[in-house]
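> Build me a structure from this.
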Amino acid sequence: MRHVKVPIGTFACNGIEADLGADIPAAVRAALADFTQRLESGRTPIDLPRASVPVSREPVTVLDLPVDARTWQLLQREARRQNTTVGRLAAHSVLVYLAELDRLKPPSGART
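Now for the predicted structure:
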């Protein structure tokens, strides 16, 4: 079993808590599962931004999550393709997941 150190900032934590509840590790695991499922299916998620992004000064929580061999291999291969670390890619997967959840929500005031 491999472990991924996933840095989660305040913005991501707030988004997780607002949309998925207080269990941050469970939400990150769900984001990683969604991300790797997309990689396997050929529906490649959006890449990390290519522009030079300054390092954020926001508080960060680093989660140390166990992942199975298949997940590790997929993340490692994608991290190499995007020239980044597995941890940074995992953190990106959380933001991609939250964006997708937000996209699927009905607009405010819409009748369901």
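> going forward, measure contacts and count neighbours with C-alpha atoms only.
Will do.
> Check the spacing between V86 and P59 real quick.
Distance, V86 to P59, using CA to CA, to the nearest Å: 20 Å.
> Give me the more crowded residue out of these two.
Between V86 and P59, V86 has the larger neighbour count (other CA atoms under 10 Å), namely 22 against 11.
> all strands of this protein, in order?
In the chain, the segments counted as strands under DSSP state E are 2-9, 60-67.
> Work out the sheet partners of the last one and label each with its direction, please.
The reference is to strand 60-67. strand 2-9 (antiparallel) (DSSP bridges).
> Any idea how many residues pack against E78?
Count around E78 with other CA under 10 Å applied: 19.
> and it, what pLDDT?
Per-residue confidence (pLDDT) for E78: 96.
> Same question for the one 10 residues further on.
According to the model's per-residue confidence, R88 sits at a pLDDT of 94.
> That one against I8, yeah?
No. Judged on CA atoms under 8 Å, R88 makes no contact with I8 at a distance of 9.5 Å.
> Where does the prediction get shaky in this structure?
Counting by pLDDT under 70, the ranges of the chain that qualify are 52-57, 109-112.
> Show me the helices in it, by range?
Remark: helices assigned in the chain by DSSP state H are 10-20, 24-41, 69-81, 86-104.
> P49 is nearest to which of those helices?
For these, the distance to P49 is smallest for helix 86-104, at 9.5 Å, taking CA to CA.
> which residues are in contact with that closest one?
4-8, 12, 15-16, 19, 28, 31-32, 34-35, 45-46, 48, 75-76, 79 (CA atoms under 8 Å, 6 or more residues apart in numbering).
> so which of the strands of the chain is the most packed in?
For the strands of the chain, the largest average neighbour count (mean count of other CA atoms under 10 Å) is found in strand 2-9, namely a mean of 17.
> got the CA coordinates for that one in PDB?
The C-alpha trace of strand 2-9 is given here as PDB (Å, rounded to 0.1, in the frame of the first residue of the first chain):
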ATOM      1  CA  ARG A   2       1.400   3.400  -1.000                       C
ATOM      2  CA  HIS A   3       0.600   6.700   0.600                       C
ATOM      3  CA  VAL A   4      -0.100  10.100  -1.000                       C
ATOM      4  CA  LYS A   5       0.500  13.300   0.800                       C
ATOM      5  CA  VAL A   6      -2.300  15.600  -0.300                       C
ATOM      6  CA  PRO A   7      -1.900  19.300   0.600                       C
ATOM      7  CA  ILE A   8      -5.400  20.800   1.100                       C
ATOM      8  CA  GLY A   9      -5.800  24.500   1.400                       C
END
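> Perfect, that will be all.
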